[in-house]
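Novice: The sequence and its predicted three-dimensional model are supplied below.
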Amino acid sequence: MDMTGCVKQIMREEGITQCELASRVKWSRQRVFDILKRNNSNFNSVKTIMGALGRETVISRKDGKEPDFDMADFYSVIEENAPLYGKLEAILDAMGYKIEFVKK
């Protein structure tokens, strides 16, 4: 399931409206709508929305082994560069990693 579908499913399951989500992230409802409509927002926006939905965004290896690079440095680079979610997901997939949204 794509990121937008995942967010919408969580919102449906938990009875959260776009207005409520916007309030949680302190953005306008229009900004939330635009992000959910695009399906390829920057990773930082996705992480913020998932955090507001009670999910932690985790990057892990598909084979279950420990990452072979410093995750703190990696997250720092992501924060600074704000790559598009889809592009980052494709790069990580090619490297044998995945993005997961884990309930806190």
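Specialist: In hand now; what should we look at?
Novice: make it CA atoms for all contacts and neighbour counts henceforth
Specialist: Noted.
Novice: all strands of this protein, in order?
Specialist: 55-61, 97-103 (DSSP state E).
Novice: tell me which residues of the worst-scoring helix or strand of the chain on mean pLDDT are tucked away?
Specialist: Least confident helix or strand, the chain: helix 29-38 with a mean of 89, by mean pLDDT, DSSP states H and E. For helix 29-38, the neighbour count (16 or more other CA atoms under 10 Å) marks 29, 32, 35, 36 as buried.
Novice: Settle this for me: the last one is touching residue 2, isn't it.
Specialist: No: the pair residue 36 and residue 2 does not pass the contact test of CA atoms under 8 Å, sitting 10.8 Å apart.
Novice: residues contacting the residue lying closest to residue 21 once chain neighbours are set aside?
Specialist: Leaving out its chain neighbours, the residue that sits closest to residue 21 by CA to CA, 6 or more residues apart in numbering is residue 52, at 7.0 Å. Neighbouring residues of residue 52 by CA atoms under 8 Å, 6 or more residues apart in numbering: 21, 24, 25.
Novice: The second one: how many residues sit nearby?
Specialist: Other residues within reach of residue 24, judged by other CA atoms under 10 Å, total 14.
Novice: One more: residue 55?
Specialist: Count around residue 55 with other CA under 10 Å applied: 17.
Novice: Sketch out the low-pLDDT regions of the protein for me.
Specialist: Applying pLDDT under 70 to the chain flags the ranges 1, 39.
Novice: one step back: which of the buried residues of helix 29-38 lies closest to residue 82?
Specialist: Closest approach to residue 82 among the buried residues of helix 29-38 (CA to CA): residue 35, at 13.9 Å.
Novice: Helices along this structure, start to end?
Specialist: For the chain, the helices defined by DSSP state H cover 3-14, 18-25, 29-38, 43-52, 71-81, 85-94.
Novice: that older thread, got JSON lines for the strands of the chain, with distance to residue 91 too?
Specialist: Output for those, formatted as JSON lines (distance: least, CA to CA, whole Å):
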{"stretch": "strand 55-61", "distance to residue 91": "12"}
{"stretch": "strand 97-103", "distance to residue 91": "8"}
